[in-house]
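Engineer: could you look at this predicted model? Sequence included:
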Number of protein chains: 2
Amino acid sequence: MKLNIAVLPGDGIGPEVTAQAVKVLKAIAMEFNHVFTFKTAIVGASAIEKTGVPLPEETISTCDKADAILFGAIGNPKYDDPSVDVRPEQGLLGLRKTFDLHTNIRPVIAYEDLLNKSSLKVKQIKGTNILIYRELTSGIYFGDKHYSDTEASDVCKYTRKEIERIAHQAFKAAQGRKKKLTLVDKANVLASSRLWRKVVKEIATEYPDVTLECRYIDNVAMALIINPRQFDVILTENMFGDILSEEASVIVGSIGLLASASIGDNHVMFEPIHGAYTKATNKGIANPIASILSAAMLLDHFGLYDEASLVREGVDKALKLHITTPDLNTKYDNISTTKVGDFIEDFIHNPD
Amino acid sequence: MKLNIAVLPGDGIGPEVTAQAVKVLKAIAMEFNHVFTFKTAIVGASAIEKTGVPLPEETISTCDKADAILFGAIGNPKYDDPSVDVRPEQGLLGLRKTFDLHTNIRPVIAYEDLLNKSSLKVKQIKGTNILIYRELTSGIYFGDKHYSDTEASDVCKYTRKEIERIAHQAFKAAQGRKKKLTLVDKANVLASSRLWRKVVKEIATEYPDVTLECRYIDNVAMALIINPRQFDVILTENMFGDILSEEASVIVGSIGLLASASIGDNHVMFEPIHGAYTKATNKGIANPIASILSAAMLLDHFGLYDEASLVREGVDKALKLHITTPDLNTKYDNISTTKVGDFIEDFIHNPD
Ligand SMILES: [Mg+2]
Ligand SMILES: [Mg+2]
């Protein structure tokens, strides 16, 4: 397969972790006879420094022409002052909006070799494997806003079409898994949630092999901690997905392991959940696994399942043998970002 | 002190747990020479059955005349069909709205004797003592709603006044505790959150002894599980408070221990967090501790601190000696709701 991949390393630890993901994708291309071409573009604080804007036209054009975008991380504390008009984060929101990346997918997996890293008891999380489908380009984050010194408001609006497109993807994903879909809403209080529930229940009739359950966000925020294994695919709107997916990172034990895919009708982007972590830049301590697992999601997206599996086997092996950066490592304290990438690259060339 | 208390037992296990709280309050009145009078009124499904409405005028009148309302629980699965117009829950929302009970307070305490009941590791939660201040009568739950078959929306609106009144209470509470207040919002995205942050930062200048931190809901949903001890008083809007307080119940280990107070300018109501749990009705297995701890919050509210402390000591002793209902008990399987109430009543009469 030929794939043109736009690589947007971004800021902070973004470049060093993305370099490992690219290394892994190159190894996969070699072993499986694919032709992956990579074109790098700037975004975030590094783009502001060079061009004055966080998402330059040239970057948009590179991404537009690519089959997939591999994104690192953006952000820099020097832009934290809320009075600053141009901020690195606008680069990420701009990408999501420009390419209408409406469906965000986040796997939450309790890795066997990391169970004791979690705040939760091992018996509680062992075997957890959840796929969160979060709507990414609508809801209260994008609705009309009103602000004055005496009152302020936000509108959470959803259209049927916005719900349908992500719901179909979530049902299809559930069909390939444990065939259970949990819609998370607040339908006892919110009109927008009632529409979600209505549309998702209608769509459910097209997927009779998938069991649908509809639950309230407050209840799921609790249930996710008490018994995460009960969930298979979680489908939810933008803000609830933001809250639940960050909460769910406690199951995995480290945010340095969380990958994500953002899917639009014509474009796809893959990125680790973690941020730019500026303080750790170029120290070799940044965990590249979230970025490498994002590359595995890219492979999956194009139907390269064996290739994706091999990458994940490499990650599992790295975790098992303690070939991990210091955030995870209880055995060695000198395994660098590059070393983890090299190990997984070697594994792909010599899996046995 | 003379106190007129309106007792609204409600549905399901409401009456049996509330009876234990009343028993405890009577014991306190006797030992401390107070005059507590109790007037019972109906609400919820039981009110619908007798009068056709979930919150009869007579109940409103009884509550209006009382110094405090002691509420049990409401709900009955037979009203779960969303097409039903009259529902028990309307009784509770009606009480909150009628008496403008804008400030909901929920303590989250990791009881020493119950640490191993939690899904979280003991070392993670030991010593946790958080007070959640949740705005209860505004925000997206009460904003304008629009619903059609093709789109739906909800408005989250806050006024300066709505934020100020609860913020002052939360700062005052922090002054009597560890002097730390965490405002939870989503100010990087929501206009209403920006107003919360602005108003709360202004008010903070009146409480220079309290340290204010402002954090995002998604981050706190994670941090509450990873390191709950970092929090003292949490202040937040309606929906975030709903989500966080239910999530926080995992720290306590059982929802049967969670009490709450709902404070308005002229009225106050105290209630356990748990619902009517219809299936457990009259089996003697309902945990009365949340209701008894709600009674302790009532005593605190009227400045009866020694009295409230004695009730809590009684609860601690019951937990220590395993005088608890089956949901908590790993030692005895035959301790009933009434037995727990009797034990705490006896303790109040004979604390040594
Ligand atoms: Mg987030
Ligand atoms: Mg709730």
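Structural biologist: Cool, got the structure. The model shown is predicted, which means the values in this text are computed figures rather than measured ones. Ligands and ions are numbered 1, 2, ... in the order given.
Engineer: how near is the closest residue to ligand 2 within chain A to residue B:221?
Structural biologist: Per CB to the ion, residue A:218 is where chain A lies closest to ligand 2, at 3.6 Å. From N, CA and C alone the C-beta is placed, and that goes for glycine too. Applying CB to CB, to the nearest Å, the value for residue A:218 to residue B:221 is 11 Å.
Engineer: quick one: which of these two has more around it?
Structural biologist: In this view residue A:218 and residue B:221 are compared by other CB atoms under 10 Å in any protein chain shown, and residue B:221 has more residues nearby, 26 against 21.
Engineer: hey, what's in contact with both of residue A:218 and residue B:221?
Structural biologist: Residues touching both residue A:218 and residue B:221 by CB atoms under 8 Å, 6 or more residues apart in numbering or on different chains: B:243, B:247.
Engineer: what residues are up against the residue of chain A closest to ligand 2?
Structural biologist: Residue A:218 touches A:186, B:242, B:243, B:245, B:246, B:247, counting by CB under 8 Å, 6+ apart.
Engineer: now do the helices in the stretch 151-300 of chain A.
Structural biologist: Along the stretch 151-300 of chain A, counting by DSSP state H, counting those that start in this stretch, helices occupy A:160-175, A:191-204, A:217-226, A:238-252, A:289-301.
Engineer: mean pLDDT for the ones you listed - can I get that in TSV?
Structural biologist: Converted to TSV, those look like this (pLDDT from 0 to 100):
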stretch	mean pLDDT
helix A:160-175	97
helix A:191-204	96
helix A:217-226	95
helix A:238-252	94
helix A:289-301	97
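Engineer: among the contacts of residue A:218, which one sits closest to ligand 1?
Structural biologist: Distance to ligand 1, by CB to the ion, is smallest for residue B:243 among the contacts of residue A:218, at 13.6 Å.
Engineer: hmm, the closest one is touching residue A:220, no?
Structural biologist: No. With contact defined as CB atoms under 8 Å, residue B:243 and residue A:220 do not form a contacting pair (9.0 Å).
Engineer: of those two, who's got more company?
Structural biologist: When residue B:243 and residue A:220 are compared for neighbours, residue B:243 comes out ahead with 29 against 25, by other CB under 10 Å.
Engineer: contact partners for that one?
Structural biologist: Counting by CB under 8 Å, 6+ apart, residue B:243 touches A:217, A:218, A:221, A:243, B:217, B:221.
Engineer: and the furthest pair within these?
Structural biologist: A:218 and B:217 (12.4 Å; CB to CB).
Engineer: near ligand 1 at all, stretch A:135-153?
Structural biologist: No. Stretch A:135-153 does not reach ligand 1 (CB under 5 Å from the ion); its nearest approach is 10.5 Å.
Engineer: please save the CA atoms from that stretch in PDB.
Structural biologist: These are the backbone C-alpha positions of stretch A:135-153, laid out as PDB (Å, rounded to 0.1, in the frame of the first residue of the first chain):
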ATOM      1  CA  GLU A 135     -17.800  13.600  19.100                       C
ATOM      2  CA  LEU A 136     -15.100  16.200  18.500                       C
ATOM      3  CA  THR A 137     -16.400  19.100  16.400                       C
ATOM      4  CA  SER A 138     -19.800  20.100  17.900                       C
ATOM      5  CA  GLY A 139     -21.600  20.400  21.300                       C
ATOM      6  CA  ILE A 140     -21.100  23.000  23.900                       C
ATOM      7  CA  TYR A 141     -17.400  23.600  22.900                       C
ATOM      8  CA  PHE A 142     -18.500  25.000  19.600                       C
ATOM      9  CA  GLY A 143     -22.000  26.400  20.300                       C
ATOM     10  CA  ASP A 144     -22.900  30.100  20.500                       C
ATOM     11  CA  LYS A 145     -21.300  31.900  23.400                       C
ATOM     12  CA  HIS A 146     -22.300  35.000  25.300                       C
ATOM     13  CA  TYR A 147     -20.100  36.800  27.900                       C
ATOM     14  CA  SER A 148     -20.600  39.900  29.900                       C
ATOM     15  CA  ASP A 149     -19.500  40.900  33.400                       C
ATOM     16  CA  THR A 150     -22.900  40.000  34.900                       C
ATOM     17  CA  GLU A 151     -23.900  36.900  33.000                       C
ATOM     18  CA  ALA A 152     -22.500  34.400  30.500                       C
ATOM     19  CA  SER A 153     -23.800  31.400  28.600                       C
END
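Engineer: avg pLDDT for it?
Structural biologist: Average pLDDT, stretch A:135-153: 95.
Engineer: one step back: the closest residue to the residue of chain A closest to ligand 2 other than its chain neighbours: neighbour count?
Structural biologist: Nearest non-adjacent residue to residue A:218, counting by CB to CB, 6 or more residues apart in numbering or on different chains: residue B:246, 4.0 Å away. Residue B:246 has 21 neighbouring residues, counting by other CB under 10 Å.
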